[in-house]
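Student: fold the following and give me the result.
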Amino acid sequence: MRSFTFISGDQFHVPASFIMPENPLLCSGLVLAGANRVIRGETVAGRGIVTAEKILNLRLWGTDLVVLSACDTDMGDIRTGEGVFDLHRAFNQVGAESLVMSMWKVPDQETRELMVAFFRNVFDEGMNYN
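Tutor: Now for the predicted structure:
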């Protein structure tokens with residue numbers, strides 16, 4: 001079993017057959033509700049993990065803004081000569097114009113307050129987020 005850190009910052013012990021660490025697009029993702037059940041081998045409707053590779057299958061042309069308000073959402077895998085493979089790069093490649101992401105851990109209450117203020121400024125005050 002490998003110890004693998006996903007964007008949520010939680011440690012999961014993932015069987016090698018579940019994820020291929022040599023693919024950098026699988027080393028960056030969002031852990032959603034139910035992911036722990038999938039990793040334990042239970043059958044559930046979804047896999048609970050959205051990887052950068054899966055994001056590359058989206059069509060987001062014309063999307064002005066993507067906001068990921070969870071901790072460490074702008075972390076990725078650095079590959080020599082290829083740059084950083086992460087969610088940021090994946091969302092950019094499928095057409096998202098602007099992204100709001102975090103490179104550190106932020107407490108939930110403060111994140112909530114920041115996001116409320118951010119969206120209030122964008123929608124009510126016409127703030128430019130580019």
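
Student: mind listing what Y129 touches?
Tutor: For Y129, the contact set (CB atoms under 8 Å, 6 or more residues apart in numbering) comprises L65, S98, V100, F118, V122. All C-beta spots, glycine's among them, are computed from the backbone N, C-alpha and C.

Student: name only those of the residues you listed that count as buried.
Tutor: Neighbour-count burial within those applies to V100, V122; the criterion is 16 or more other CB atoms under 10 Å.

Student: now for the contacts of Y129: which two are most distant?
Tutor: Greatest spatial distance in those: S98 and F118, 11.9 Å, computed using CB to CB.

Student: what is the helix or strand R112 falls within packed up against?
Tutor: Secondary structure assignment for R112, by DSSP states H and E: helix 108-123. Judged by 3 or more CB pairs under 8 Å, 6 or more residues apart in numbering; DSSP states H and E, helix 108-123 is in contact with strand 65-67.

Student: would you agree G95 is in contact with T63?
Tutor: Yes: counting by CB atoms under 8 Å, G95 does reach T63; the two are 6.0 Å apart.

Student: for M101, give me its contacts.
Tutor: L68, T73, D74, L87, H88.

Student: isn't the last one up against L99?
Tutor: The one in question is H88. Yes: with contact defined as CB under 8 Å, H88 reaches L99; the gap is 5.8 Å.

Student: more neighbours, the two?
Tutor: More crowded of H88 and L99, by other CB atoms under 10 Å: H88, with 21 against 18.

Student: do you know the pLDDT at that one?
Tutor: Here the pLDDT value assigned to H88 is 86.

Student: just the CA atoms of the helix holding R112, as CSV, please.
Tutor: Listed next in CSV are the C-alpha coordinates belonging to helix 108-123 (Å, rounded to 0.1, in the frame of the first residue of the first chain):
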residue,chain,number,x,y,z
ASP,A,108,-13.1,26.6,7.5
GLN,A,109,-14.7,29.7,9.2
GLU,A,110,-12.2,32.1,7.7
THR,A,111,-12.5,30.4,4.2
ARG,A,112,-16.3,30.8,4.4
GLU,A,113,-16.0,34.5,5.3
LEU,A,114,-13.4,35.1,2.5
MET,A,115,-15.6,33.4,-0.1
VAL,A,116,-18.7,35.3,1.0
ALA,A,117,-16.8,38.6,0.7
PHE,A,118,-15.2,37.6,-2.6
PHE,A,119,-18.5,36.7,-4.3
ARG,A,120,-20.3,39.7,-2.8
ASN,A,121,-17.5,41.9,-4.3
VAL,A,122,-17.7,40.1,-7.7
PHE,A,123,-21.5,40.1,-8.1
